[in-house]
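**Student:** 3D model of this:
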Amino acid sequence: MSSQQKVDLPSGCGICGKNDGVRLCSACKVVPYCSVEHQTTHRSAHKSDCNRIKKCLVNMQREEKALREDPADELTNSVGHFWKIRSTRPYMHTRLDYRAALTFVRNVESVRAQLDHLQENLRLCRSDNLGSRDLIPSLMVRLNQDQECYDFMKWWATSANDNHYDWSNMSVPYLDIKHANPLEQVDCFVKGSIDIAHLVTLTLVKIKLYFILYASYGAQAKLGMSDKQRAIVDEMMQLRNSSIARHPNVANLTSLEIATQLDNLKAQIRTLYDAVNSMNPFVWPEFIDPDESLNSAPSMYSPGSKEEMQAVTMWTWQSWNETFGALEFIYSVVKGQPVAFGL
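**Tutor:** Numbering: from 1, shown residues only. Take a look at the predicted model:
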């Protein structure tokens, strides 16, 4: 396990990374190019993924067209509860296929497209029979939308678990939790009924919070640090681009309050780690070395199984891999070692 490394999520031109004046590939619509020359150069590497995405997009558009031409016009009249209507299922299945095809392109543009697509799935089918909610949080984290991610997961842990919530009533508030305190305790997550993928991503959000606060604390004490410690703090400071760093409960802490919150966060992370381990003991060891799980796509699985672990790893691991220090943090916990970034 390498120390404190992360793999950045690329953006911009598929060849040079330039973001200004780029145009998206007209077929897949997720790989930008700054020039025809760079698009031509990249074609051999991009062709397979591009054709896969284009094929799924065409299939999805065909099914959407069929729905719009149907006299029932379900896309207008039945939004919110699509899965109860059999005629919408071919369309929803093609939406699943299209999202899966997008994952073969690993860049910011693809992650944004996946997130928008899955959020539209939830608009069409509130009760989420397709499991879009399992994938959405890690995509938000990859885009530094950590506050939005926390709000999203808290809604599913609280409002969605209310036995009186009326899924068929489109006037009832939906995903309406905004700006929840990300430093609060995790009781509502670990004591309720929640998807394991959410718990895994919540653990990552809390680790990112820990690093954000550690960076704020460390920035004030840089003179007493070694070069290596200062480099770690500088790397963590980049996490302050996260939307969660702007939450008043995070941004306005004093040095003394930060030290207290760091201890609280370590305890919360341990609680979440134990909760995930209780639900599926295969998950955390696999995160150290995911091996084949990143390419596994189990169609069915039972709680606590290796197949469930493979699905969770496939959905969430990249968000950990793209977060500085996160995998090392969980590696330390798995191995029973002191957390490397403690004060």
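**Student:** I'd say H42 and C16 touch.
**Tutor:** No. Look at H42 against C16 with C-beta atoms under 8 Å: they stay out of range, at 9.9 Å. Where you see a C-beta, it was placed from the backbone N, CA and C, and this is true even at glycine.
**Student:** more neighbours, the two?
**Tutor:** A direct count of neighbours by other C-beta atoms under 10 Å for H42 and C16 places H42 higher, at 18 against 14.
**Student:** what ranges do the helices span in the chain?
**Tutor:** Secondary structure of the chain, counting by DSSP state H: helices at 36-69, 74-77, 89-102, 108-124, 132-142, 146-157, 187-190, 196-219, 227-237, 248-251, 255-279, 283-288, 306-321, 326-334.
**Student:** show me where pLDDT drops low in the protein?
**Tutor:** Applying pLDDT under 70 to the chain flags residues 1-5, 218-225, 338-343.
**Student:** again, 50 this time
**Tutor:** Low-confidence segments of the chain, defined by pLDDT under 50, are located at 1-3, 342-343.
**Student:** now the farthest one out in it, which residue is it?
**Tutor:** Distance from the C-alpha centroid of the chain, by C-alpha atoms, centre = their mean, peaks at P71 (37.6 Å).
**Student:** I'd like the distance between that one and I85.
**Tutor:** Per C-beta to C-beta, to the nearest Å, P71 is found 14 Å from I85.
**Student:** Repeat that for E74.
**Tutor:** For E74, the distance to I85 - C-beta to C-beta - is 6 Å.
**Student:** got it, and I212?
**Tutor:** Distance of I212 to I85, computed by C-beta to C-beta: 44 Å.
**Student:** wait, what's in contact with the residue farthest from the centre of the chain?
**Tutor:** Contact analysis of P71 by C-beta atoms under 8 Å, 6 or more residues apart in numbering lists nothing.
**Student:** Same check on L139?
**Tutor:** Contacts of L139 (C-beta under 8 Å, 6+ apart): 111, 114-115, 118, 319.
**Student:** And for Q145?
**Tutor:** Counting by C-beta under 8 Å, 6+ apart, Q145 has contacts 242-243.
**Student:** Check the gap between it and P71 for me.
**Tutor:** Using C-beta to C-beta, Q145 is found at 39 Å from P71.
**Student:** for N277, same thing?
**Tutor:** Going from N277 to P71 by C-beta to C-beta gives 52 Å.
**Student:** Ok, N163 next?
**Tutor:** Per C-beta to C-beta, N163 is found 37 Å from P71.
**Student:** so what's the residue most central in space within the chain up against?
**Tutor:** Residue closest to the average C-alpha location in the chain (C-alpha atoms, centre = their mean): S138, at 1.0 Å. Residues in contact with S138 (C-beta under 8 Å, 6+ apart) are 197, 201, 204, 315-316, 318-319.
**Student:** Try it again at 10 Å.
**Tutor:** 111, 115, 149, 197-198, 200-201, 204-205, 312, 315-320, 322 (C-beta atoms under 10 Å, 6 or more residues apart in numbering).
**Student:** same deal with D146?
**Tutor:** Counting by C-beta under 10 Å, 6+ apart, D146 makes contact with 137, 140, 182, 201, 204-206, 208-209, 212, 239, 241-245, 247, 323.
**Student:** And these, which of them are buried?
**Tutor:** Among those, those classed as buried by neighbour count (16 or more other C-beta atoms under 10 Å) are 137, 140, 182, 201, 204-206, 208-209, 212, 239, 242-245, 247, 323.
**Student:** Can you add distance to V283 and give the contacts of L139 back as TSV?
**Tutor:** TSV is the format used below for the contacts of L139 (distance: C-beta to C-beta, whole Å):
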residue	distance to V283
V111	22
Q114	22
L115	23
L118	22
S319	14
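**Student:** Tell me the one of the residues you listed nearest P90?
**Tutor:** Proximity of the contacts of L139 to P90 (C-beta to C-beta) peaks at L118, which lies at 18.4 Å.
**Student:** For the closest residue to that closest one other than its chain neighbours, grab the count of nearby residues.
**Tutor:** Counting by C-beta to C-beta, 6 or more residues apart in numbering, L118 lies nearest to S132, which is 4.2 Å off, once chain neighbours are set aside. By other C-beta under 10 Å, 22 other residues sit near S132.
**Student:** wait, isn't S132 in contact with W156?
**Tutor:** No. S132 lies out of contact with W156 (C-beta atoms under 10 Å); the separation is 11.1 Å.
**Student:** where's the nearest residue to L175 once chain neighbours are set aside relative to L272, distance?
**Tutor:** Counting by C-beta to C-beta, 6+ apart, W155 is the residue found nearest to L175 once chain neighbours are left out, at 5.2 Å. Noted for W155: a distance of 18 Å to L272, by C-beta to C-beta.
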